[in-house]
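Engineer: what's the 3D shape of this:
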Amino acid sequence: MSSAPKHPRKKSDVAGAGGEPLAAAPQDSFLDQTLRPASWDEYVGQESIKNNLHILIRAAKERAAPPEHILFYGPPGLGKTTLAHLIARELGGTLRATSGPAIERVGDLAALLSNLSPGDILFIDEIHRLARTIEEVLYPAMESGVLNIIIGKGPSARTLELPLPPFTLIAATTRVADLSAPLRSRFGGGVFRLEFYSEKDIAQIVHRSANILGVVVKDDGVAEIAKRSRATPRTANYLLKRVRDYAQLKRTALTREAVETALGMLEVDLLGLTPLDRKLLEVLIERFGGGPAGVNALAAALSEEPNTISEVHEPFLLQIGLIERTPRGRVATRAAYLHLGKVPPQGLNEKLL
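Structural biologist: The predicted structure follows:
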């Protein structure tokens, strides 16, 4: 799979002979959009999902009908929104994007649905935050392609059915368990879970992004960024941009030494842990004896919201085996003690306290 962008910038436009950026390119104002893959060839990873989507899209195009509704879920930063954009581009339809919190009233959703054109893609991010009353409006729209509008109140109320143009709903969520069962069951196109990325795939993404940004990056620098990226493309691109800033001021290419220095200033360690990640582990080990400890107790000790602990920090710590969940709460593993330079207690199991 090629990692080169469709329209790479000339290195001479943005960098000196030694890789020093000379001037900001116009698209630097919208870096997140600029770095987003514009084709399937540029989208790295999630091979199983891509293969299933290719079949779904090709079959729908042969039938001259929109694909069935699709749900993506998984941790943030893994490419759910990008997949929605790529599907819309492949189908030649317009992507109309919104989010669950932005749809506050039934009328908001009714306005979105009634303004769709045939073949449009309606993308709802964080769909788990839709109110249940708004979900009820979605059900007939997804199943039967109609918008039910209630006219009047009380015994004289009646329902008016307005036909909707053929469309595909693509939804994304980081908390699929919060979706109601009736809503989940209506995604006939498939419910797909995005997985964390391998270091190899992250390195390919970093190479591509560096090419777009027009900076010189060495293989050892790429490997160092990939190792600390938390297996997440969005984090990898964030780290690359911050390292680029450092390299720009120091007039140097992105070598391993430059990456280590820049990320050291950000306090991102060798595993990609942030100061709060390490603080969470320290509190779990020092204040709670390694656990078990509930998420509310940990949040109180850290002066953080429980959702921040469970949705932002915990998934990666679980992924790399620094904490484990038990029925009684979170526990620190032997790897967590060793990473913090602490001596594990006698009898601590390799996998679980």
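
Engineer: quick one: the helices in the stretch 51-200 of the chain?
Structural biologist: 80-91, 106-114, 132-143, 181-184, 199-213 (DSSP state H, counting those that start in this stretch).

Engineer: May I see the buried residues of the first one?
Structural biologist: Looking back up the chat, that one is helix 80-91. Buried positions in helix 80-91, judged by neighbour count with 16 or more other Cβ atoms under 10 Å: 80-88, 90-91. C-betas here are computed from N, CA, C, even on glycine.

Engineer: With the shortest one instead?
Structural biologist: For helix 181-184, the neighbour count (16+ other Cβ under 10 Å) marks L183 as buried.

Engineer: Need the residues that contact that helix.
Structural biologist: Applying Cβ atoms under 8 Å, 6 or more residues apart in numbering, the external contacts of helix 181-184 come out as 71, 127, 135, 138-139, 176, 191.

Engineer: Most neighbours among the residues you listed, which one is it?
Structural biologist: I127 (26 neighbours; other Cβ atoms under 10 Å).

Engineer: Next, the contact list for the residue nearest to it when sequence neighbours are not counted, please.
Structural biologist: Using Cβ to Cβ, 6 or more residues apart in numbering and skipping the chain neighbours, the partner closest in space to I127 is A171 (4.0 Å). By Cβ under 8 Å, 6+ apart, A171 lies in contact with 69-72, 123-125, 127, 187.

Engineer: any idea which of the residues you listed has the most stuff around it?
Structural biologist: Most surrounded of the contacts of A171: other Cβ under 10 Å gives F72, at 28 neighbours.

Engineer: Confirm for me that it is in contact with K80.
Structural biologist: Yes: contact criterion Cβ atoms under 8 Å: F72 and K80 qualify, at 4.1 Å.

Engineer: anything in contact with each of those two?
Structural biologist: 172, 194.

Engineer: Could you list the low-confidence segments of this structure?
Structural biologist: Within the chain, the ranges that satisfy pLDDT under 70 run 1-32, 150-159, 347-353.

Engineer: mind listing what the residue nearest the centre of it touches?
Structural biologist: The centroid of the chain falls nearest to G77 when counting by Cα atoms, centre = their mean (2.2 Å). For G77, the contacting residues are 232-235, by Cβ under 8 Å, 6+ apart.

Engineer: quick one, what contacts the closest residue to it other than its chain neighbours?
Structural biologist: Computed as Cβ to Cβ, 6+ apart, the closest residue to G77 that is not its neighbour in sequence is R234, at 3.1 Å. R234 makes contacts with 76-78, as judged by Cβ under 8 Å, 6+ apart.

Engineer: Am I right that R234 is in a strand?
Structural biologist: No: per DSSP: H, G, I helix; E, B strand; the rest coil, R234 lies outside any strand segment and is helix.

Engineer: So which of the contacts of A171 is the closest to G221?
Structural biologist: Of all the contacts of A171, F72 has the smallest distance to G221: 31.1 Å, by Cβ to Cβ.

Engineer: Take the contacts of R234 and lay them out in a markdown table including distance to H313.
Structural biologist: Output for these, formatted as a markdown table (distance: Cβ to Cβ, whole Å):
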| residue | distance to H313 |
| --- | --- |
| P76 | 12 |
| G77 | 14 |
| L78 | 16 |
